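**Q** show me the folded form of this:
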Amino acid sequence: MHLFVFGALILYILSFFLVMLYRFTPSPLPSPSPEAGKAERVTGKELFELLSKSAIVIGLIFHTIALGIRTHESGHAPMLAMYETLLFFSWSTVLVSAIVILRYNERLTELITIPAAILAMIFAQVNEIPPKPLTLILKTWWFETHVITSFAAYALFTLAFAGAVLYLIYDLRAMPLRALRVIARSGSGCEAKPEQTQRFLASLGTGSATLTPDEIASGLKPIAMTVSDLKKDFQDIANRSILWGFFFFSASMFAGAVWAYLAWGTYWLWEPKVIWSFIVWFYYAGAMHAYYVKEWRGKGLAIATVIGFFVVLFTYLGVSLLMKSSHSF
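**A** Take a look at the predicted model:
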């Protein structure tokens, strides 16, 4: 394993655990002394956030250096074999994760995208091979454009998968809140069976059983709004990732078609990888149509996005490893 690849891998793993600590460390309680409160925050939750961001940035720098060294050693961009493509895919995935941090200040998506990058890097080491020069048929910038845009799209589809999974998780978390607010606001429900309502609220361990239904509903409203805002962010991350991923994947298919014509005299090859790539393109075209034209929102689109990721995963790894193709590694 190359030293910079190993360093990037360790930093990504460290970043993942730091994000876990950041997410699950409770926020400090207000302190009577502003100076003491500030010191407590710096040494607690905010420290984990700062360290996790630093680990990602430094890891990404190491990763970039490793790709640069591989490019120098092989004489071409790292895209020829599974080892190189996995390194580039993991780099792209971490890069889009860093962009999400800057754009949304959202760290939850890292709990999915960073492990995906880590697994890709570990799998890459299992398939590591010495650098090889490009064959004559691959010595064209159309080939390089085809591969680079393809794996950029794969990284964005991975980010869309993360956003969709988190949307579904928070949608499930919102269901009890919605139910509580309905119970609290339902005069008939509270009047008809007050003892059942009180026992249900008391079972939450919040002490809210002494509150009136209106007070309970009012207290739950900010929590429900926070969950709703997070769901909107996750949906936005997923949909924007699909949009840009579809753009890059379309560019990849166009470059691949031109390259195929220059190499074999035809824009289309009836082989598994090409067919499955078209399936991926058609699938995400349908998802975009559902969102932007039919205004399809919510759980259904999130589930479709999750399914789409597994179609992408099979197209990249399944077809390459299980079926004979000119794209096989």
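**Q** and the helix or strand hosting T71, how far out from the chain middle?
**A** Using DSSP states H and E, T71 maps to helix 45-74. Centre-to-centre, helix 45-74 and its host chain are 18 Å apart (C-alpha atoms, centre = their mean, to the nearest Å).
**Q** by contact count, what packs against it?
**A** Judged by 3 or more C-beta pairs under 8 Å, 6 or more residues apart in numbering; DSSP states H and E, helix 45-74 is in contact with helix 3-24, helix 82-104, helix 110-126. For the C-beta atoms, the positions are set from N, CA and C on the backbone; glycine is no exception.
**Q** of these, which is nearest K45?
**A** helix 3-24 (6.1 Å; C-beta to C-beta).
**Q** return the set of buried residues in the closest one.
**A** By neighbour count with 16 or more other C-beta atoms under 10 Å, helix 3-24 contains the buried residues 4-5, 7-9, 11-16, 18-19, 21-22.
**Q** correct me, but L111 touches L21?
**A** No: contact criterion C-beta atoms under 8 Å: L111 and L21 do not qualify, at 11.7 Å.
**Q** leaving out sequence neighbours, find the closest residue to F143.
**A** Closest residue in space to F143, ignoring its immediate chain neighbours: W259 at 5.1 Å, by C-beta to C-beta, 6 or more residues apart in numbering.
**Q** then F16?
**A** Closest to F16 by C-beta to C-beta, 6+ apart is I114, at 4.8 Å.
**Q** still on that earlier bit, against F247, how distant is the residue nearest to F143?
**A** Separation of W259 from F247 (C-beta to C-beta, to the nearest Å) stands at 19 Å.
**Q** got it, and R240?
**A** Relative to F247, and taking C-beta to C-beta, R240 is found at 11 Å.
**Q** residues contacting the residue nearest to F16?
**A** By C-beta atoms under 8 Å, 6 or more residues apart in numbering, I114 lies in contact with Y12, S15, F16, V19, I56, V94, S97.
**Q** ok, the second one - contacts?
**A** Contact criterion C-beta under 8 Å, 6+ apart gives S52, K53, A55, I56, G59, E110, I114 as the residues in contact with S15.
**Q** kindly recompute the last result at 7 Å.
**A** Taking C-beta atoms under 7 Å, 6 or more residues apart in numbering as the criterion, S15 is in contact with S52, A55, I56, G59, I114.
**Q** what pLDDT does it get?
**A** If you check S15, the pLDDT there is 93.
**Q** buried residues in the helix holding T71?
**A** Of all the residues in helix 45-74, those buried under the rule 16+ other C-beta under 10 Å are 45-46, 48-49, 51-53, 55-56, 59-60, 62-63, 65-67, 69-70, 74.
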